[in-house]
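Novice: have a look; sequence and predicted model below, questions after that.
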Amino acid sequence: MSGGHIPFIAAVVLLVIILASAGCAELPPGVSTGQSGGIPPTEEQSSGQGYNPGYLTPATPYPTATPDVLAAPTLNRFSDTVPTSDPYVTIYQKKSKFEQTIEAYSFNLTRPPLIIEFNVEPKMITREKHTTSSYGDKDEIVVTQRYPSEDAWFRVIVRDSATGKILAEDGFGKGFSADTHKRIFVGRYGDYLLEFSGNEVTVDIQVRVGGV
């Protein structure tokens, strides 16, 4: 073999060694090729405890006498609507179960309006009724009936914080209509006390304002 071929062969071997070393290089510690790069949810987002950034301040409910229990309403639901853009700021949103309980919050409304929307899910009662079929051999049959509990109700009250005067109210059962979705609108400035009370219902409540 001539002397001119040796440097050429040595260069080829060196190149092969360099390429082999590059293919076995490890990634820096902490880096994974399967990492999606997404941001993990915060503790507040993943807890499912509702949304309350602190604009509503927990307060003591206004003292009132216990209302009389009225007859249970029949269930009536609105049809679904197409969602639209919301120009207001959400300051509170939570789905809560009420069992003879009451929640109260104070809020100074400086940028009207104040909008409170709620969806009520009353406790449902299922009963079986034995009756006679009106067809064929008049056999005895069992008919299943399902309706809201007679003790299911919900009430929202907006009061003047200083005087306790009721400025707006609505609800489900106990004298209110049986609509399960309702909306309260307050268009004036003021220092308000918001009260949510009910029994045997699960309610999704959302409070929005013109700005904070």
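Specialist: All right, it came through fine. Numbers count the residues shown, from 1 in each chain.

Novice: all contacts plus neighbour counts: C-alpha atoms, from now on.
Specialist: Will do.

Novice: quick one: least confident helix or strand in this protein?
Specialist: Least confident helix or strand, the chain: helix 43-47 with a mean of 41, by mean pLDDT, DSSP states H and E.

Novice: could you point out which element follows that one?
Specialist: strand 57-58 (DSSP states H and E).

Novice: so which elements touch the next helix or strand after that following strand?
Specialist: Counting by DSSP H and E, the next helix or strand C-terminal to strand 57-58 is strand 89-109. If contacts are counted by 3 or more Cα pairs under 8 Å, 6 or more residues apart in numbering; DSSP states H and E, strand 89-109 sits against strand 57-58, strand 190-209.

Novice: out of those strands, which is the most enclosed?
Specialist: strand 190-209 (a mean of 21; mean count of other Cα atoms under 10 Å).

Novice: so it versus strand 89-109, what angle?
Specialist: Here the directions of strand 190-209 and strand 89-109 differ by 180 degrees (axes from the mean of the first three to the mean of the last three Cα atoms, to 10 degrees).

Novice: show me what strand 190-209 is packed up against.
Specialist: In terms of contacts (3+ Cα pairs under 8 Å, 6+ apart), strand 190-209 is packed against strand 89-109, strand 114-122, strand 153-160.

Novice: which element, helix or strand, includes residue 138?
Specialist: Residue 138 belongs to no helix or strand when assigned by DSSP H and E.

Novice: find the nearest non-adjacent residue to it, please.
Specialist: Using Cα to Cα, 6 or more residues apart in numbering and skipping residues adjacent in sequence, the residue nearest residue 138 is residue 132, 5.8 Å away.

Novice: what's the answer for residue 143, then?
Specialist: Using Cα to Cα, 6+ apart, the nearest residue to residue 143 is residue 129, at 5.0 Å.

Novice: and the pLDDT at that neighbour?
Specialist: Per-residue confidence (pLDDT) for residue 129: 81.

Novice: phi and psi next, for it.
Specialist: With angles defined as degrees, to the nearest 10, residue 129 sits at phi -120, psi 130.

Novice: the helices and strands packed on strand 190-209: which one's closest to residue 189?
Specialist: Closest approach to residue 189 among those (Cα to Cα): strand 89-109, 5.3 Å.

Novice: quick one: average pLDDT of that closest one?
Specialist: For strand 89-109, mean pLDDT rounds to 97.

Novice: what do you get for stretch 198-209?
Specialist: Averaging pLDDT along stretch 198-209 gives 98.

Novice: start at 178 instead
Specialist: Renumbered: residue one is now 178, and that last one reads stretch 375-386.

Novice: could I have the CA atoms of it written out in PDB?
Specialist: Only the C-alpha atoms of stretch 375-386 are listed here, as PDB (Å, rounded to 0.1, in the frame of the first residue of the first chain):
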ATOM      1  CA  GLY A 375     -82.700  26.800  49.400                       C
ATOM      2  CA  ASN A 376     -83.500  23.200  50.200                       C
ATOM      3  CA  GLU A 377     -83.200  19.900  48.300                       C
ATOM      4  CA  VAL A 378     -81.800  21.600  45.200                       C
ATOM      5  CA  THR A 379     -78.500  21.900  43.400                       C
ATOM      6  CA  VAL A 380     -78.000  25.300  41.900                       C
ATOM      7  CA  ASP A 381     -75.500  26.700  39.400                       C
ATOM      8  CA  ILE A 382     -75.200  30.400  40.200                       C
ATOM      9  CA  GLN A 383     -73.400  33.100  38.100                       C
ATOM     10  CA  VAL A 384     -73.000  36.700  39.100                       C
ATOM     11  CA  ARG A 385     -71.800  39.300  36.500                       C
ATOM     12  CA  VAL A 386     -71.300  43.100  36.600                       C
END
